[in-house]
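1. Dropping the sequence and predicted coords here.
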Amino acid sequence: MIKPNNLILQTATALIAFILLGFSVYLFFAGHNAPGGGFIGGLVTAAAVVLLYMAYGIDFVNKILPINFRVLIPVGLLVAFLTGLGSFLFDAPFLSHTFGYFEFPIFGEVELATAMLFDLGVYLTVVGVTVTIIINIANDTGSEV
């Protein structure tokens with residue numbers, strides 16, 4: 001079987017995936033103060049990964065991204081759950097939010113919030129679920145079980 005020439009798709013994907021990943025990082029970090037967060041950041045990341053799979057194929061992408069996306073699901077759920085339990089250490093209600101300002105050498109004063117840790121759990125879960133579902137649909141041969 002002759003493989004179709006996907007040169008245009010692969011060239012465009014190299015740029016588009018980079019832009020999507022950068023935008024997803026922005027959405028993730030903006031999430032506790034502005035629209036965005038772990039859910040939409042995870043969806044944009046999953047879109048970039050799926051685009052890479054479409055352009056380059058599953059073998060190539062698995063070589064450059066050796067991630068088992070099914071493992072991201074329980075890891076993300078665990079991070080989100082432990083973030084909620086962390087509030088009990090300070091005698092606060094489940095999933096209470098707090099923040100603080102910290103001084104970093106290069107960045108200066110930066111606000112860090114516990115909502116970002118919860119968003120990290122949501123982000124990992126959404127990326128894992130979305131990519132796993134789409135890859136499983138793509139690999140479906142259509143035969144009945």
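-> Here it is on my side, so go on. Numbers count the residues shown, from 1 in each chain.
2. Give the full set of residues in contact with residue 49.
-> When contacts are counted by Cβ atoms under 8 Å, 6 or more residues apart in numbering, residue 49 touches 61, 65, 127, 131. Every residue, glycine included, has its C-beta placed from N, CA and C.
3. how does it look with 7 Å?
-> 65, 131 (Cβ atoms under 7 Å, 6 or more residues apart in numbering).
4. host element of it?
-> helix 38-56 (DSSP states H and E).
5. Now the element after that helix, going C-ward?
-> In N-to-C order, the element after helix 38-56 by DSSP H and E is helix 58-64.
6. for the chain, which residue is closest to the average position?
-> Per Cα atoms, centre = their mean, the C-alpha nearest to the average position across the chain is that of residue 42, at 3.6 Å.
7. I'd say it and residue 126 touch.
-> Yes - counting by Cβ atoms under 7 Å, residue 42 touches residue 126, with 3.0 Å between them.
8. sorry, back to before: from the middle of its chain, how far away would the helix holding residue 49 be?
-> Relative to its chain's centre, helix 38-56 lies at 8 Å (Cα atoms, centre = their mean, to the nearest Å).
9. same thing with stretch 123-134?
-> 7 Å.
10. And stretch 31-48, by the same measure?
-> The answer for stretch 31-48 is 8 Å, by Cα atoms, centre = their mean.
11. How about stretch 112-131?
-> Counting by Cα atoms, centre = their mean, stretch 112-131 comes out at 7 Å from the chain centroid.
12. could you dump the lowest-mean-pLDDT helix or strand in the chain to PDB, C-alpha only?
-> Least confident helix or strand, the chain: strand 108-113 with a mean of 83, by mean pLDDT, DSSP states H and E. Only the C-alpha atoms of strand 108-113 are listed here, as PDB (Å, rounded to 0.1, in the frame of the first residue of the first chain):
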ATOM      1  CA  GLY A 108       9.800  38.700  40.700                       C
ATOM      2  CA  GLU A 109       6.600  38.600  42.800                       C
ATOM      3  CA  VAL A 110       4.300  35.800  41.600                       C
ATOM      4  CA  GLU A 111       0.900  34.800  43.000                       C
ATOM      5  CA  LEU A 112       0.500  31.100  43.700                       C
ATOM      6  CA  ALA A 113      -2.900  29.600  44.400                       C
END
